[in-house]
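Engineer: turn this into a structure:
(chains A, B, C and D)
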There are 2 protein chains.
Amino acid sequence: MSATYSFRPDVPKHVQIAAELRAQITAGKLSPRLPIPSEPTLMQTYGVARDTARKAVAVLRDEGYITTVKGMGSFVRDKRDWPSGRPGA
Amino acid sequence: MSATYSFRPDVPKHVQIAAELRAQITAGKLSPRLPIPSEPTLMQTYGVARDTARKAVAVLRDEGYITTVKGMGSFVRDKRDWPSGRPGA
DNA sequence: AGATATTTGTTCGTATGTATC
DNA sequence: GGATACATACGAACAAATATC
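Structural biologist: Numbers count the residues shown, from 1 in each chain, chains lettered A, B, ... in the order given. As a prediction, this is how the structure comes out:
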């Protein structure tokens, strides 16, 4: 069985996972030195396919929260690169 | 903004995309060594969903113009396998 | 140098649901 | 009912970059 994770209906899983990760990032719970949870880790943590895990990561990358390095992982970027960190706002 | 592509009404998108690719194949603009545009590429080029891109590729595969390999892509087949290459015609 | 493991990148295959015409 | 078209989601295979041993 394994409850893995409770997803809300009518909201794409990758969006919900992205929201979780975004919250952890903005809360400073993820070190900029270490990579965020890898795709395999996200797959197991949330009980989803790689496709879904990758989409979640893509959301945060598009938003500017993280940067991804092939063969390494994704890393949290400087706060200035975050959506809420834009000076002109 | 990218105009993506101008589709004609009353003609299925996948049929129009297939026609484009067929023209490129018969014109020898696609090397048999390299795969034809991938599904993601077709999606972006024509601004359609994967479903539609796959249907276009399926048309050419059914016609004998290409052969598809999982994880690799679709490749142009020998002219003898094309509809116009049938000797009995 | 070489081999292995980990991780991301890319590609096709399949199924389901929704909406529209 | 059927065809078109989009989005979501899982599976599978291969490729490439990185790190470690």
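Engineer: which bits of chain A sit near DNA strand C?
Structural biologist: A:35, A:38-41, A:50-51, A:54, A:57, A:68-74 (C-beta under 7 Å from any atom of the strand). For every residue, glycine as well, the C-beta is placed using N, CA and C.
Engineer: what subset of those is buried?
Structural biologist: A:P35, A:E39, A:R54, A:V57, A:G73, A:S74 (16 or more other C-beta atoms under 10 Å in any protein chain shown).
Engineer: which strand residues bridge the fifth one?
Structural biologist: For A:G73, the residues forming beta bridges with it (DSSP bridges) are A:V69.
Engineer: now do the closest residue to DNA strand D within chain A against A:L30, distance only.
Structural biologist: Relative to DNA strand D, the nearest point of chain A is A:G71 (2.5 Å; C-beta to the nearest atom of the strand). From A:G71 across to A:L30, the span is 20 Å (C-beta to C-beta, to the nearest Å).
Engineer: same check, this time on A:K13
Structural biologist: Taking C-beta to C-beta, one finds A:K13 at 20 Å from A:L30.
Engineer: chain neighbours aside, what residue packs nearest to A:G85?
Structural biologist: Of all residues not flanking A:G85 in the chain, A:K79 sits nearest, at 4.7 Å (C-beta to C-beta, 6 or more residues apart in numbering or on different chains).
Engineer: can you list the residues of chain A near DNA strand D?
Structural biologist: A:7, A:12-15, A:47-52, A:55, A:69-72.
Engineer: among those, name the ones in helices.
Structural biologist: Among the residues of chain A next to DNA strand D, the ones falling in helices (DSSP state H) are A:K13, A:H14, A:V15, A:R50, A:D51, A:T52, A:K55.
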